[in-house]
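In: Here's my sequence, what's the structure:
(chains A and B)
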Amino acid sequence: RKEVEQDPGPFNVPEGATVAFNCTYSNSASQSFFWYRQDCRKEPKLLMSVYSSGNEDGRFTAQLNRASQYISLLIRDSKLSDSATYLCVVSNTDKLIFGTGTRLQVFP
Amino acid sequence: GAVVSQHPSRVICKSGTSVKIECRSLDFQATTMFWYRQFPKQSLMLMATSNEGSKATYEQGVEKDKFLINHASLTLSTLTVTSAHPEDSSFYICSATPARGTYEQYFGPGTRLTVT
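Out: Modelled structure (predicted):
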């Protein structure tokens, strides 16, 4: 079983749509959680950290459920520029464990 | 924000040759640097953790004699792929962290290696 699992997608959504990604992790000792965004042939960039209380950054909302070992990312009012691969990342040391990513394609 | 550079951005080499990739933290001192590899449609896989002035720690399944890592200063780490083979063709990405015990990593732009 992979340490971090994500639905690879792709998710094809129209502009303005709301889309949600989910992720599960296997190591209950994981302590830090993140969503990264990766554009094609580029390095990953931190989108946001994820906290148990949930956190929001503009159109993006992240949630963590430690009991279920489940992380989510909600994107509201999708823009064309949101098209990318979204990587779920967990850590319990200084090492980051990446999921394979969920591909999002927003169309006009 | 913190900037990490990698050089070269793209390299094509012949099978059997060695390739060196540089990773530099431009505006901060990196106590730890990480080297990842990403094959198409797969996740980033950590290859090794490199601390300045000490030997790198390699992940299981990564050959330390094939992937030589040197972290000679607080701003530079190098990865040398020795005797490269076509199956080593991949996207190699480094990251750097300014302090031990922190989860914050700044990624370089990556190096695309093609071995012919």
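In: Now do the contacts for B:L76.
Out: B:E22, B:C23, B:R24, B:S25 (CB atoms under 8 Å, 6 or more residues apart in numbering or on different chains). Placement of C-beta: from N, CA and C, glycine included.
In: Show me the one in those that has more neighbours than the rest.
Out: B:C23 (28 neighbours; other CB atoms under 10 Å in any protein chain shown).
In: Verify the stated contact: B:E104 with B:P98.
Out: Yes: B:E104 lies in contact with B:P98 (CB atoms under 8 Å); the separation is 7.1 Å.
In: per-residue confidence at the residue most central in space within chain B?
Out: For chain B, the residue nearest the mean C-alpha position is B:W35 (3.5 Å; CA atoms, centre = their mean). For B:W35, the model assigns a pLDDT of 97.
In: Looks to me like it is in a strand.
Out: Yes: the assignment for B:W35 is a strand, going by DSSP: H, G, I helix; E, B strand; the rest coil.
In: For it, list the residues it contacts.
Out: B:C23, B:L46, B:M47, B:A48, B:S50, B:F67, B:I69, B:S77, B:L79, B:Y92, B:I93, B:C94.
In: what about A:R59, neighbour count?
Out: 13.
In: For it, which non-adjacent residue is spatially closest?
Out: A:R76 (4.6 Å; CB to CB, 6 or more residues apart in numbering or on different chains).
In: do the same with A:S28
Out: Closest to A:S28 by CB to CB, 6+ apart is A:Q69, at 6.4 Å.
In: again, but for B:K66
Out: B:T82 (5.5 Å).
In: isn't the one you found right up against B:L68?
Out: Yes: counting by CB under 8 Å, B:T82 does reach B:L68; the two are 6.2 Å apart.
In: that older thread, show the overlap between the contacts of B:W35 and what lies near chain A.
Out: B:L46, B:I93 (CB under 8 Å from any CB of the partner chain).
In: can you pick the most crowded of the contacts of B:W35?
Out: Going by other CB under 10 Å, B:C94 tops these with 31 neighbours.
In: picking that back up, who are the neighbours in contact with the residue nearest to A:S28?
Out: Contacts of A:Q69 were listed using CB under 8 Å, 6+ apart, and they are A:T24, A:Y25, A:S26, A:S28, A:S30.
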